[in-house]
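Peer 1: Below: sequence and its predicted model.
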Amino acid sequence: MTDKKVLILGGTGEAAALATRLSAELAETTEIITSLAGRTKTPTPLPGRVISGGFGGIQGIKLFVEDEGINVVIDATHPFAETISDSAYVACTVTNTLRMTLLRPEWNLPAEARWLEVDSMEAASEALGKTATRAFLTIGKRGLDAFAGLENVWFLVRLIEQPDEPLPFAECETITGRPPHDVDAERAVMEKHQINALVSKHAGGSATEGKILAALGLDIPIILIRRPPRLPGLCTESLDDCVDWVKTQI
């Protein structure tokens, strides 16, 4: 019978891998709970217990942690999921709950390559408008409005699922797909659509590195939105280290 509980703030490949490992290695003693934001209609199946739809801010996470008797929280969300990460940080602090961040490693781009890192979607849009006519946007649904004013740019937009509403562009095409994305496939997409700029969040990780490697190989300029600052507390980029740490706390 399980008497301990681990809450994984998920929605990423890293979170899924962590849930799989912990469910297999701690099955007899620990319940693994993964929380998803609920933005994807058909999420990938996960082992353990899955909840969807968010918590409703700091107070919601605090109540869930207290009511469920959560022993450990692992923040394995997307590096740009600021709201849930901020809320979890505060909730874990006030409830004195153990917390660790499983962070994706950043991409290591050559200094001499054609890439630029900016602080916001608006800055990325400004930079894009000066250099590109056919842009590949891989930033998700949020933030697309920042590029809507670029009337002389044609957009290829990749999303996890087809959008419910038209995108805010005069000329664009939407493609869908979940990571990982193969380098050769990414190169073929860019060549087919004659892409001359790639826009991405600097999310890092191997599952989405294919587009970066493809753009570097084709000498296509890359515009990256800089990550938000990392929150205080324990942090690792290693799945193994994260699993080992959880085992020492349970």
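Peer 2: Structure received. Numbering: from 1, shown residues only.
Peer 1: Within its sheet, name the partner strands of the helix or strand where residue 157 lies and how each one runs.
Peer 2: Taking DSSP states H and E as the criterion, residue 157 maps to strand 154-159. Strands that pair with strand 154-159, judged by DSSP bridges, come out as strand 134-138 (parallel), strand 172-176 (parallel).
Peer 1: So which residues make contact with stretch 239-250?
Peer 2: Counting by Cβ atoms under 8 Å, 6 or more residues apart in numbering, stretch 239-250 makes contact with 4, 6, 14, 17-18, 21-22, 25-26, 29-30, 71-72, 74, 98, 100, 102, 234, 236, all of which sit outside it. In short, each C-beta sits where N, CA and C put it, glycine included.
Peer 1: which of the residues you listed count as buried?
Peer 2: A residue is treated as buried here by neighbour count (16 or more other Cβ atoms under 10 Å); on that basis the buried members of the contacts of stretch 239-250 are 4, 6, 14, 18, 21-22, 26, 30, 71-72, 74, 98, 100, 102, 236.
Peer 1: Let's see which of those residues end up in strands.
Peer 2: With DSSP state E as the criterion, strands contain 4, 6, 30, 72, 74, 98, 100, 102, 236 from among these.
Peer 1: how about these in a markdown table, adding pLDDT and distance to residue 174?
Peer 2: As requested, those are exported to a markdown table (pLDDT from 0 to 100; distance: Cβ to Cβ, whole Å):
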| residue | pLDDT | distance to residue 174 |
| --- | --- | --- |
| 4 | 95 | 44 |
| 6 | 98 | 37 |
| 30 | 96 | 41 |
| 72 | 98 | 39 |
| 74 | 98 | 33 |
| 98 | 97 | 42 |
| 100 | 97 | 36 |
| 102 | 97 | 31 |
| 236 | 97 | 36 |
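Peer 1: can you list those in a markdown table and add distance to residue 150?
Peer 2: Supplementary listing: those in a markdown table, determined by distance: Cβ to Cβ, whole Å:
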| residue | distance to residue 150 |
| --- | --- |
| 4 | 51 |
| 6 | 44 |
| 30 | 50 |
| 72 | 45 |
| 74 | 39 |
| 98 | 46 |
| 100 | 40 |
| 102 | 36 |
| 236 | 39 |
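Peer 1: Report the central residue of the protein.
Peer 2: Nearest to the geometric centre of the chain sits residue 78, at 2.8 Å (Cα atoms, centre = their mean).
Peer 1: my read: it touches residue 202, true?
Peer 2: No. In this structure, residue 78 is not within contact of residue 202 by Cβ atoms under 8 Å, at 11.5 Å.
Peer 1: So which bits of the helix or strand bottoming out on mean pLDDT in the chain are buried?
Peer 2: Counting by mean pLDDT, DSSP states H and E, the chain has its least confident helix or strand at strand 49-52, which shows a mean of 93. For strand 49-52, burial by neighbour count (16+ other Cβ under 10 Å) applies to residue 50.
Peer 1: now swap in stretch 90-110 and tell me
Peer 2: With burial defined by 16+ other Cβ under 10 Å, the residues of stretch 90-110 counted as buried are 90-92, 97-104, 107, 109.
Peer 1: what sits up against the helix or strand harbouring residue 8?
Peer 2: Following DSSP H and E, one finds residue 8 within strand 4-9. With Cβ under 8 Å, 6+ apart as the contact definition, strand 4-9 has outside contacts at 15, 18-19, 22, 26, 29-35, 64-65, 68-77, 81, 84-85, 88, 246, 250.
Peer 1: Format the CA atom coordinates belonging to it as CSV.
Peer 2: Written as CSV, here are the backbone C-alpha positions of strand 4-9 (Å, rounded to 0.1, in the frame of the first residue of the first chain):
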residue,chain,number,x,y,z
LYS,A,4,3.8,8.6,0.1
LYS,A,5,2.9,11.0,-2.7
VAL,A,6,4.9,12.8,-5.3
LEU,A,7,3.3,15.5,-7.4
ILE,A,8,4.9,16.1,-10.8
LEU,A,9,4.0,19.4,-12.5
